[in-house]
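> Test case, fold it:
(chains A and B)
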Amino acid sequence: MRKPELLAPAGDLERLKFALLYGADAVYVGGTMFGLRANASNFTLEALEEGVSFAHDLKKKVYVTVNIALHAKEIQKLTDYLKELDRIGVDAIILNDPAIIPIAKENTNLELHLSTQQSTLNYEAVEFWKEQGITRIVLGRETTKEEIAEIMKHVDIEIECFIHGAMCASYSGRCVLSNFLTARDSNRGGCSQICRWDFDLLDHEFQHLKGEKTFTFCTKDLSLLKYIPDMIDMGIVSFKIEGRMRSIYYIATIVDIYRKVIDEYVQQKETYEYNSEYEKVLRNCANRDSVPQFFNGSEGAECQYYNGRVEVSNQDFLGLVLDYNHGYARIEQRNFFKKGDKIEFFGPNKQPFKMIVDEILDEDDRQIEVVRHPRQIVKIAVSKPVASGDFMRISK
Amino acid sequence: MTKILAIPSEKSMISDCLSSCDGIILGIQGLSVNLPFYIELKDLEGIKKTNKKLFIMLNKNMHNHDLKELENTMRLLEDYPIDGVFYYDISVVHLGKKLNVSYPLIWSQEHLATNAETCNFWKNQGVSGAYLSNEITLDEIKEIRKQTDFLLFVCMFGYLPMFDSRRHLVKNYLESFKLDQKGDQYYLEKEGQMYPIVDDMNGTTVYSSHILNAIEEYFILKNIHIDYVIVNGFHMEPPIFKQIMKLVSTMTEENKVEVCQMVDSMCQNNVDKGFLYKETVYKIKEGK
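Next up, the predicted model:
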């Protein structure tokens, strides 16, 4: 059985390191130009160089998104940029605009992946891109399990599928609501997420059609946790998590859970059982509901937020472990906690453990009862050793 | 000479469009989206008896289950005197190569046709032309023209598609709240603007609130040798669209401003110039 690649988003160097340490096999990142998340921190070439070095030391990979719809002024800068990516040693670029293909081939040895922005949904299109030298296709998120299988039956090429994260309401690349309503170019990284706005719906005679909630395009998120075994059996090469704008806690949590599920299934397929506790962790970490979307054929109202969009601010993330010394963890606070709270620590390559906070010290080693200040540094007595980069969250 | 192509508002207007304009664009049921109506392949018989241009729009996002019908249609289109096929999905190019079709293919990926390099990529794949994105400026159109000898198509009039989804967003909403469906065409309202939204067998499409009226720019487009301009009758009352086509096809350099104003008035001044003079913004940092 081929073990799939777990591919995580990384909006900056810190996220890249967390994603890889928590179990991602590869990360995808944006540079300061040519990527579709213009508002993420993104990577300068120096940061990218450090990120690639960090990843390669772990025998992991870094892919760079070059997936905007190019305009003439961007093309002028493209060749030099691609040469730099090649020099740095990135493992592939993820492109949308096919103008990049001949430029990359002539000037670099970069591996070429096709972005989901092309909405590739069928085997004839996949065959075309393979003939152009594309080595991996990120399929459109509208493909069903059966459609993916049929594509793979027809064409021998690496297939990458999204498994978790936010969804476009439209076919990717086919929405310019942002351009028209806010003059921000959605296909060049400026998407202002109009699909999450509310609208009034009227019939063709301009009569209002009012439900209990107003109309919105807004979709629930994608989660294919239950379908990971199916996807592994299908031979899908890469499992992609969406969210380059997400926090280190979100990325570490999602990567950690999918890492566990993939490893458990690959190592013991015969005895593998779905663990609903993992689903609970994902649900607690997210700020929106998630469903399997098109993968299992769903595309109806159950995928939308018509019945009231619940988007809660996540306060599970209590703190980041800075270091550990003789039974005490030094913590950088991220959300309020106090003595007596039930907490849980988790980190890369270790079993999570739960405990109750019974001793908190401030930076001068004075006993305190509550930790209420953002990024406040405190020490707490822990029942097991922890390490820098571990997370402390609410135990539910 | 820049030719004027019309997308008829309804099937009964095909002959009017052919007599007023240099040609028409039609969609095929099941393989096209964003058009006022769709025809069956057999309907093409008898349409082209003049020397006017006839283009077919096969611009749906194709799934595996569409491929058989697509291939069959592309093969059968060889039997009709068509002047080209617009495509969004790349399967059309691949099938075009496999079938060695003789009619020209026109790259029509709506919002993605934004530069000359990509036009030239498609040219090298045997494609003949590009329907340029509606979200680029007039200066960018001029720049593209300078850098490619591809056939270029530019939209000059009509509501512009902004959003395409496989999802049935309106039907799902109505079902969720037990409201009656009232056909396929609806409106979304936001801050006083009305956006036409269509939920049909193809999924959901949303259009601009304003009608692009770049009729005044026709002579600029002609002077830079744009090959075709498109006048789109989607969501237009047929009598009004008929008048507009007549005005456009007889317009001169001298009366263009007057014609443009008349069209504005016929559209109840719900018009704008799209992005021809308005550059979209996004956060771009200079990379090292």
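> May I have the beta-bridge partners of A:Thr219?
Under DSSP bridges, the beta-bridge partners of A:Thr219 are A:Gln304.
> Please verify my assumption that it contacts A:Cys195.
Yes - contact criterion CB atoms under 8 Å: A:Thr219 and A:Cys195 qualify, at 7.5 Å. For the C-beta atoms, the positions are set from N, CA and C on the backbone; glycine is no exception.
> Find the residues that touch each one of these two.
In terms of CB atoms under 8 Å, 6 or more residues apart in numbering or on different chains, A:Thr219 and A:Cys195 are both contacted by the residues A:Cys168, A:Ala169.
> Now that we're looking at whichever residue of the stretch 51-200 of chain B sits closest to chain A, what pLDDT does it have?
Across the stretch 51-200 of chain B, the shortest distance to chain A (CB to the nearest CB) belongs to B:Phe177, at 2.8 Å. Each residue has a pLDDT score; the one for B:Phe177 is 93.
> so how far is A:Ile93 from A:Asn107?
Here the distance between A:Asn107 and A:Ile93 works out to 12 Å (CB to CB, to the nearest Å).
> Quick check on A:Glu50: phi, psi?
Its backbone dihedrals place A:Glu50 at phi -70, psi -40, with angles given as degrees, to the nearest 10.
> can you check A:Lys379 too?
The phi/psi pair for A:Lys379 (degrees, to the nearest 10) is phi -120, psi 140.
> ok, and the closest non-adjacent residue to A:Gly89?
The shortest distance from A:Gly89 to any residue that is not its chain neighbour, by CB to CB, 6 or more residues apart in numbering or on different chains, is 5.4 Å, and that residue is A:Val52.
> So for the one you found, what's the pLDDT?
According to the model's per-residue confidence, A:Val52 sits at a pLDDT of 98.
> didn't it look like it was pressed against A:Val90?
Yes - taking CB under 8 Å as the definition, A:Val52 is a contact partner of A:Val90 at 5.9 Å.
> What's the first helix or strand after the strand or helix carrying A:Phe345?
Applying DSSP states H and E as the criterion places A:Phe345 in strand A:342-346. Counting by DSSP H and E, the element after strand A:342-346 in chain order, helix or strand, is strand A:353-356.
> which strands and helices sit next to that next one?
For strand A:353-356, the helices and strands in contact under the criterion 3 or more CB pairs under 8 Å, 6 or more residues apart in numbering or on different chains; DSSP states H and E are strand A:342-346.
> Figure out how far stretch B:203-220 is from the centre of its chain.
The chain centre lies 10 Å from the centre of stretch B:203-220; the measure is CA atoms, centre = their mean, to the nearest Å.
> wait, does that stretch make contact with chain A?
Yes - using CB under 8 Å from any CB of the partner chain, a contact is recorded between stretch B:203-220 and chain A, made by B:Val206, B:Ser208, B:Ser209.
> In the stretch 1-150 of chain B, what residue spans correspond to helices?
Secondary structure of the stretch 1-150 of chain B by DSSP state H, counting those that start in this stretch: the helices cover B:14-20, B:64-76, B:91-99, B:116-124, B:138-147.
> What residues sit buried inside the shortest one?
In this case it means helix B:14-20. Of the residues in helix B:14-20, those with enough neighbours to count as buried (16 or more other CB atoms under 10 Å in any protein chain shown) are B:Ile14, B:Asp16, B:Cys17, B:Leu18, B:Ser20.
> Using CSV, lay out these together with distance to chain A.
Putting the buried residues of helix B:14-20 into CSV (distance: CB to the nearest CB, whole Å) gives the following:
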residue, distance to chain A
B:Ile14, 23
B:Asp16, 23
B:Cys17, 23
B:Leu18, 28
B:Ser20, 27
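> List just the nearest of the residues you listed to A:Tyr274.
When the buried residues of helix B:14-20 are compared for distance to A:Tyr274 (CB to CB), B:Ile14 wins out at 56.6 Å.
> residue contacts, the closest one?
Taking CB under 8 Å, 6+ apart as the criterion, B:Ile14 is in contact with B:Pro8, B:Ile24, B:Leu26, B:Ile47.
> wait, doesn't B:Glu237 sit right on B:Ser9?
Yes - judged on CB under 8 Å, B:Glu237 makes contact with B:Ser9 at a distance of 7.3 Å.
> Looking at the two, which one has more neighbours?
When neighbours are counted by other CB atoms under 10 Å in any protein chain shown, B:Ser9 comes out ahead of the other of B:Glu237 and B:Ser9, with 24 against 12.
> State the distance from the nearest residue in space to the more buried one that is not next to it in sequence to chain A.
Closest residue to B:Ser9 in three dimensions, ignoring its sequence neighbours and counting by CB to CB, 6+ apart: B:Gly233, at 3.5 Å. Distance check for B:Gly233 against chain A: by CB to the nearest CB, to the nearest Å, it reads 17 Å.
> Flag every buried residue along stretch A:381-396.
Under the neighbour-count criterion of 16+ other CB under 10 Å, stretch A:381-396 has A:Val382, A:Val386, A:Gly389, A:Asp390, A:Phe391, A:Met392, A:Arg393, A:Ile394, A:Ser395 buried.
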